[in-house]
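Participant: Show me the folded form of this:
(2 chains)
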2 protein chains.
Amino acid sequence: MAQGEDEEGEEAEESEAGEAPVLPSGAELAAAYFRSWDNPTRHLPLLQDKALSAAWSAALASAPPGTFEGKTVLEVGCGVGLLSVMAAKAGAARVIAVDGSAGAADAARRVARANGLQDRITVVHGAIQDVDLPGVAPGGVDVILSNWMGPGLLGGGMLPGLAHAVETWLRPGGLVLPDTASLWAVGLEDREALQDAKKTWGSVAGVDMTAALAQVIQHPRLDAARRKAQLLTAPQQLAQWRTSELRTGAVVDPAIGAYARCPLRLVAEREDRMFGLMLYWDAAWTFGGALGPGDGKPAVRLSTGPTAPATHYKQLVINFPRSLLLAPGDVLAGELELRPGGTDPRDLEVALRLAQQGGGAAAGSGAVAPIVGTFRVPYDLA
Amino acid sequence: MAQGEDEEGEEAEESEAGEAPVLPSGAELAAAYFRSWDNPTRHLPLLQDKALSAAWSAALASAPPGTFEGKTVLEVGCGVGLLSVMAAKAGAARVIAVDGSAGAADAARRVARANGLQDRITVVHGAIQDVDLPGVAPGGVDVILSNWMGPGLLGGGMLPGLAHAVETWLRPGGLVLPDTASLWAVGLEDREALQDAKKTWGSVAGVDMTAALAQVIQHPRLDAARRKAQLLTAPQQLAQWRTSELRTGAVVDPAIGAYARCPLRLVAEREDRMFGLMLYWDAAWTFGGALGPGDGKPAVRLSTGPTAPATHYKQLVINFPRSLLLAPGDVLAGELELRPGGTDPRDLEVALRLAQQGGGAAAGSGAVAPIVGTFRVPYDLA
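Facilitator: Prediction:
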């Protein structure tokens, strides 16, 4: 037999899921994911992220008149219900708050009641793909709100659920907030973090564990840029998602089996060693273009980038297996693919291929082998 | 059909495992568990726990002559291989280090090589129940080492794997370290933590979230006792495991479907409100009784209790749904059952029933309803 036992097991899963490039969703994995949100304490970093809640508060305060008043609002992945309360306070006639975590849904229900909003907020427990919205017909939702963004933007795997909600429940011309989310990359000099790691693993209870570092480095981590000088290239926007245009069949591009395949072209701004990439995202609340550059009132924006005020999302750091010596003007070209995790679709897989082109510091040392690697971002990366 | 789809799925798993009351082990859940250990950084809290590594160092230094020299040692759940290196340095002829995490096994292999011990340490990747030990016959292991202990001692669910190793691989009269592990409970006054939680949830981005507290409280947490005065009763030993006597069929008692059912009898030492229980454990390295009270050399002990030096395990706090007013001498009687988690057997479920008997502060206010509840301790509780 050519196939191992494990492979056969996976094969069985896939055949159940049919031919369309849908995400596999083992019931056990889904249960484990939603259970991980049962304890409201798990929601605190999100709730206490001042930049994030300031963005939502500013957005709701900037909403064009009539956005919420008398409208039907859906919150996808409501957690303990903060945005639903905000929407109800902004005048929504009806808020349906959906969450797959029983504990979160229960807390959201209590919070709605304690804030005197139980008549306008209905909490529904279940994965958004599986539930009906009581008293709402398909296409009957005016506004969808969601904090769907995760590590590396797509980590946490909430995009397919949001797409389902948009496709199924949003009325034509309805609003999704935030409107857009963009993923960015910047070249990173990560010497200090590496030195710290070497120190940490140098002697553990008297045993030299430095050899474990190769594994440590291969795992993406959430970190914050320590100094602006760590950023070696200009930032590059990799991709942008317009949330009101999300469609279930297109979240994972059927042609490539990935969320997105992004050409990379990073230009070195000075001479230094590049240790990896820093990924981050920003989001905008434009109210379908009602706010924006063409208007007197600017759109509300949240950036999780290294030069923006800190958020609990920090930045996602992906270290290369080896560093590259760059000279100013050196070009790093390749592509980066973002895929649902192979074992758990809520994880994010980042497949990277990046070659150093011509010029500068690399010249004279002959051709430099490209950086190739696949990096897994667990949905609960912390 | 009376059964839902999920139940059928589980049924199929169980029938494969046979009739004995073994733990269900969904392949996806197992994969998720082992993957959670792939990044060596996840092992750092364990590796950097000074009390824990001091205990192991002291134990190996106190080992009776001949314990390791020339012997075959098995480490169950080796992580990045610290104990295996220690055992090889103590003279073991052969160390087999087993871990279900591919990342950990890979790191352990590199660590063994970097420490020049690749000829004596063999790292095997796989769940201990599934692997063969190369070059070792069943019953051919002299010493088993394991850091199997988790939150609430049994959280993490490594006991069944350790039992399998003892039953299958340990030679008759062989040694398991640590020798014993005991679980303890003490009554807790938890007012400060509750006040902190009330403050935290009092206003989140301008919305009163205090209503989420009922959920917060229902989830066990790892914490450290803030003051000795928080301990309201004498500690009670709930149960003790002698690791060399572990047998697969008895880890989960077939008669009750639980690890243990422990009678509780806590006596209040002063008047105060009891908010819950604090659970903790201790372990001893007696080398099969060679060290101990009857000997000149005392056994090595590690306590994770509230008055012992801090460990990364902290203590497990289980809050009651409501507090109980105690007077000195008041007795709280009932039982506590420890079970593998219903959804993931690596989680720990604590089922509690506790009634306040007679006397003191409760008198005059009539009968007090017993505290009844089931609390889930996720294997990765942090």
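
Participant: Skip ahead from the strand or helix carrying residue A:87 and say which helix or strand is next.
Facilitator: In this assignment (DSSP states H and E), residue A:87 forms part of helix A:82-89. Downstream of helix A:82-89, the next assigned helix or strand under DSSP H and E is strand A:94-99.

Participant: Partner strands of that following strand, with direction?
Facilitator: Its sheet considered, strand A:94-99 pairs with strand A:72-76 (parallel), strand A:121-125 (parallel) by DSSP bridges.

Participant: Give the rounded mean pLDDT of that strand.
Facilitator: Mean per-residue pLDDT for strand A:94-99: 98.

Participant: is any part of whichever helix or strand comes after it close to chain B?
Facilitator: Using DSSP H and E, the helix or strand that directly follows strand A:94-99 along the chain is helix A:102-114. Yes. Counting by CB under 8 Å from any CB of the partner chain, chain B has neighbours in helix A:102-114: A:103, A:106-107, A:110-111, A:113-114. C-beta here means a position set from N, CA and C on the backbone, and glycine is covered the same way.

Participant: Would you list the buried entries among the residues you listed?
Facilitator: Neighbour counting over these (16 or more other CB atoms under 10 Å in any protein chain shown) leaves A:103, A:106-107, A:110-111, A:114 as the buried ones.

Participant: Let me know the angle separating the helix holding residue A:87 from strand A:121-125.
Facilitator: Interaxial angle, helix A:82-89 versus strand A:121-125 (axes from the mean of the first three to the mean of the last three CA atoms, to 10 degrees): 150 degrees.

Participant: got a list of contacts for helix A:82-89?
Facilitator: Residues outside helix A:82-89 that contact it (CB atoms under 8 Å, 6 or more residues apart in numbering or on different chains): A:47, A:53, A:56-57, A:60, A:68, A:73, A:75, A:78, A:95, A:97, A:108, A:111-112, A:115, A:117, A:120-121, A:123, A:143, A:145-147, B:204-205, B:207, B:209.

Participant: Helices of the stretch 201-350 of chain A, start to end?
Facilitator: With helices called from DSSP state H, counting those that start in this stretch, the stretch 201-350 of chain A shows them at A:213-218, A:248-251.

Participant: just so I know, which of the ones you listed lies nearest chain B?
Facilitator: Proximity to chain B (CB to the nearest CB) singles out helix A:213-218 among the helices of the stretch 201-350 of chain A, at 4.5 Å.

Participant: related to what we said a few turns ago, could you flag which of the contacts of helix A:82-89 are buried?
Facilitator: A:47, A:53, A:56, A:60, A:68, A:73, A:75, A:78, A:95, A:97, A:108, A:111-112, A:115, A:117, A:120-121, A:123, A:143, A:145-147, B:204-205, B:207, B:209.

Participant: Got the domain ranges for chain A?
Facilitator: According to automatic domain parsing, chain A comprises the domains A:28-147, A:180-382.

Participant: Deepest-packed of those domains, please.
Facilitator: Stretch with highest mean neighbour count among the domains of chain A: domain A:28-147 (a mean of 20; mean count of other CB atoms under 10 Å in any protein chain shown).

Participant: rewinding a little: and the helices of the stretch 201-350 of chain A as CSV, adding mean pLDDT and distance to residue A:336?
Facilitator: Listed next are the helices of the stretch 201-350 of chain A as CSV, based on pLDDT from 0 to 100; distance: least, CB to CB, whole Å:
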stretch, mean pLDDT, distance to residue A:336
helix A:213-218, 91, 16
helix A:248-251, 96, 17
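
Participant: could I get the ones you listed as TSV with distance to residue A:226?
Facilitator: As requested, those are exported to TSV (distance: least, CB to CB, whole Å):
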stretch	distance to residue A:226
helix A:213-218	17
helix A:248-251	34
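
Participant: export these to TSV and tack on distance to chain B?
Facilitator: As requested, those are exported to TSV (distance: least, CB to the nearest CB, whole Å):
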stretch	distance to chain B
helix A:213-218	5
helix A:248-251	22
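
Participant: hmm, back to that, tell me which two of the buried ones among the residues of helix A:102-114 next to chain B sit farthest apart.
Facilitator: Spatial extent of these (CB to CB) is set by the pair A:103 and A:114 at 16.3 Å.

Participant: Now do the contacts for residue A:53.
Facilitator: A:47, A:82, B:204-205.

Participant: Just give me the least confident of those residues.
Facilitator: Minimum pLDDT across the contacts of residue A:53 falls on residue B:205, with 88.

Participant: Show the contacting residues for the residue nearest to residue A:251 when sequence neighbours are not counted.
Facilitator: Using CB to CB, 6 or more residues apart in numbering or on different chains and skipping residues adjacent in sequence, the residue nearest residue A:251 is residue A:163, 4.6 Å away. Taking CB under 8 Å, 6+ apart, we find residue A:163 in contact with A:246-248, A:250-251.

Participant: do the same with residue A:245
Facilitator: Contacts of residue A:245 (CB under 8 Å, 6+ apart): residue A:166.

Participant: did I read that right, residue A:185 in a strand?
Facilitator: Yes. Looking at residue A:185 with DSSP: H, G, I helix; E, B strand; the rest coil, it is inside a strand.

Participant: Enumerate every residue touching it.
Facilitator: Residue A:185 is in contact with A:235-236, A:238, A:264, A:266, A:277-279, A:336, counting by CB under 8 Å, 6+ apart.

Participant: Of these, just say which sits nearest to residue A:257.
Facilitator: Distances from residue A:257 to the contacts of residue A:185, taken by CB to CB, are shortest for residue A:336, at 15.0 Å.

Participant: That closest one against residue A:262, yeah?
Facilitator: Yes. Using CB atoms under 8 Å, residue A:336 is in contact with residue A:262, at 5.0 Å.

Participant: Give me the common contacts of the two.
Facilitator: residue A:238.

Participant: which one of the domains of chain A has the lowest average pLDDT?
Facilitator: Among those, domain A:180-382 scores lowest, at a mean of 92.

Participant: measure that one end to end?
Facilitator: 25 Å (CA to CA, to the nearest Å).

Participant: okay, the helix or strand where residue A:374 lies in CSV with CA atoms only?
Facilitator: Element membership for residue A:374 (DSSP H and E) is strand A:371-377. Output in CSV follows, covering the C-alpha atoms of strand A:371-377 (Å, rounded to 0.1, in the frame of the first residue of the first chain):
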residue,chain,number,x,y,z
ILE,A,371,13.8,31.6,0.6
VAL,A,372,11.1,28.9,0.4
GLY,A,373,8.9,27.9,3.3
THR,A,374,5.4,27.2,4.6
PHE,A,375,4.5,28.7,8.0
ARG,A,376,1.5,27.8,10.1
VAL,A,377,-0.3,30.4,12.1
